[in-house]
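**Student:** What follows is a predicted structure for the sequence shown.
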Amino acid sequence: MRQRLSLSLYLNYFVHGIGLIILAQNMESLGKLWQTPLATVSYVISGVGIGRLIAYLILGALSDRYGRKNFIFLGMGCYCIFFLGMLVAPNIQVAYLLAIVAGIANSALDSGTYTTFVELGGSESASNVLIKAFMSLGEFILPLLVASLENNSLWFGWSFIFAALVLIINFFLLLPLKFPKANQTQSAMLGTWKGLSKAKKIIITVALALYGYTSMALMILFTQWITMYATEVLHMGNIASHFLLSLYSIGSISGVLIMFWLLHKHFSELTLLVYLNAAALISLAIICFIHITWLTHLAAFIFGLTAASGIMQVGLNTFLKLYPRTKGLITGIFFTFGSFASFTIPVVTGWLSQKSVAAALEFDLLIGSASLILVVIVRIALGHQKTLASSRRTVSLLDKIIVRLLVRRFKAVKTIGLLKEEVKVPVLDSKREEKVKANVAANCSDQKIVPYLQEIYGTIMASSRKYQEDKRQNND
Ligand SMILES: O=C(O)C(=O)C[C@]1(C(=O)O)C=C[C@@H](O)C=C1
């Protein structure tokens, strides 16, 4: 059941990946449909950003109250209206409204899905990072679909209908599935805020919200300017310049898979964020300052591998863990900051590019530095988090070591047993046992737990005796 639910949630994001670029990929056909120039179609795309900006906060907060499933259905419904409506939109005004509906769809899906994955428990960060992988899959497949429709002289609208159909099928798959209860404090998150001063809580909250902006801005700015930077500043050819973006995409998909694996291995999320943001910044600096072709290629790949590996999703996840009772609202706040980035970055960099394209890309260094500083602040302020899950990991690790040591102890006990047998001495040696318990007390740094440890040693020695006696009886 849980797997079916996850799969359906991911399928929505495959369609969302298509939705993200379907207008840009069909600009010419849509321009003809509405009899408008390309620039006007591009203006319609900005409606998606407006929709997101309006909807995130409201829908996020509402999803805490009215259930995740309803909001996922709302998102799917809005996306269907967008995909099918665009094909019959009579004019640019209606198209703009539909673009806003797509933005609302995006917000509704996000506020219902990211929260559900956290509520499903388990390796929730890894799940939320996989959302990014499904988006990339949609973004990868749509251009191929559009190109093959074009090559076969088929109607461009089929790609829109394909996306709507997947959503309709998914609606029926999702309908019977049960969702986990919303906003239950997950046991794995207990104690996350414990022991933090109010000032620290405010600092962490503000830093994570701002990270919603910087982590989104870092990617958007790069994808918007890298091709032009390569042609104008690095004097690369047309194909080589476009290839940089492909390398970034390949890096991104690989990065998401690596991130998924690392999170499954229970790597510390915040430590990962610090390393990945640092690596993204270094690769960006290489592209900006060291103009050697092969190095630029490698750096573009590494930038995708790090900056677009789902570090935004991991940031959101940390944020959600801190506010387990208002996850929808937190998702809304985080993505509102992200939407604000998709709105302001094109404006700021457009203005900077009037000076030079290099200045536009170099602005990403500033964003990357801010991102790194923010995750370092959160990392330091939160310190080493002692959650139920992390403490259990520590216990498991220590148990592994203890078992190894006990195996060695039993080997020594076996030898003692054989030696005692040779000289016909009984197995039980009460004096020696008293001495062992006294040693435990002497070696223990916390006197309060001495009686517990001595009790454990009583059991260990009883088992040792039994082991020695069994060996005697079996003559081995
Ligand atoms: O030292 C011994 O004589 C042992 O056999 C080992 C050991 C122990 O586990 O430490 C086990 C049984 C004895 O009663 C005392 C100690």
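**Tutor:** It's in.
**Student:** tell me how far stretch 378-394 is from the chain's mean position?
**Tutor:** Taking the mean C-alpha point of stretch 378-394 and that of its whole chain, the gap between them comes to 18 Å (Cα atoms, centre = their mean, to the nearest Å).
**Student:** And it, end to end?
**Tutor:** Using Cα to Cα, to the nearest Å, the gap from the first to the last residue of stretch 378-394 comes to 22 Å.
**Student:** What mean pLDDT does that stretch get?
**Tutor:** Across stretch 378-394, pLDDT averages out at 80.
**Student:** Same check on stretch 280-294?
**Tutor:** When pLDDT is averaged along stretch 280-294, the result is 96.
**Student:** Which residue is the nearest non-sequential neighbour of the residue of the chain at minimum distance from the ligand?
**Tutor:** Taking Cβ to the nearest ligand atom as the measure, the chain has Ser464 as its residue closest to the ligand, at 3.3 Å. Just so you know, the C-beta spots here come from the backbone N, C-alpha and C atoms, and that holds for glycine as well. Nearest non-adjacent residue to Ser464, counting by Cβ to Cβ, 6 or more residues apart in numbering: Val413, 4.4 Å away.
**Student:** Burial check on that neighbour, number of neighbours?
**Tutor:** In terms of burial, Val413 registers 18 neighbours under the definition other Cβ atoms under 10 Å.
**Student:** Can you mark which positions in the strand or helix carrying the residue of the chain closest to the ligand are buried?
**Tutor:** Taking DSSP states H and E as the definition, one finds Ser464 inside helix 450-474. Within helix 450-474, the residues that qualify as buried are 457, 460-461, 464-465, 468, 471, counting by 16 or more other Cβ atoms under 10 Å.
**Student:** Closest to Val256 out of those residues?
**Tutor:** Using Cβ to Cβ, Ile460 is the member of the buried residues of helix 450-474 that lies nearest Val256, at 47.2 Å.
**Student:** ok, the closest one touching Leu406?
**Tutor:** Yes: under the criterion of Cβ atoms under 8 Å, Ile460 lies in contact with Leu406, with a separation of 7.5 Å.
**Student:** and for these two, which residues touch both?
**Tutor:** When contacts are counted by Cβ atoms under 8 Å, 6 or more residues apart in numbering, the set common to Ile460 and Leu406 is empty.
**Student:** quick one: low-confidence ranges for the protein?
**Tutor:** Segments of the chain classed as low confidence (criterion: pLDDT under 70) are 122-125, 183-195, 384-387, 389, 476.
**Student:** one step back: dump the residue contacts of the residue nearest to Ser464.
**Tutor:** Taking Cβ under 8 Å, 6+ apart as the test, what Val413 contacts is 464, 467-468.
**Student:** Return the residues in contact with Val450.
**Tutor:** Taking Cβ under 8 Å, 6+ apart as the definition of contact, the neighbours of Val450 are 440-441, 444.
**Student:** switch the cut-off to 10 Å
**Tutor:** Val450 is in contact with 437, 440-444, counting by Cβ atoms under 10 Å, 6 or more residues apart in numbering.
**Student:** Can you list which of those are found in helices?
**Tutor:** Assignment to helices by DSSP state H places the following of the contacts of Val450 there: 437, 440-443.
**Student:** now the residues you listed in CSV, with distance to Leu109 and neighbour count?
**Tutor:** Supplementary listing: these in CSV, determined by distance: Cβ to Cβ, whole Å; neighbours: other Cβ atoms under 10 Å:
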residue, distance to Leu109, neighbour count
Lys437, 62, 17
Val440, 58, 18
Ala441, 60, 13
Ala442, 62, 8
Asn443, 57, 9
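**Student:** Which of the residues you listed sits closest to Ala300?
**Tutor:** The shortest approach to Ala300 among the ones in helices among the contacts of Val450 belongs to Asn443, at 56.4 Å (Cβ to Cβ).
**Student:** From Lys435, how far off is the closest one?
**Tutor:** Counting by Cβ to Cβ, to the nearest Å, the gap between Asn443 and Lys435 amounts to 12 Å.
**Student:** Next: Lys420.
**Tutor:** 16 Å.
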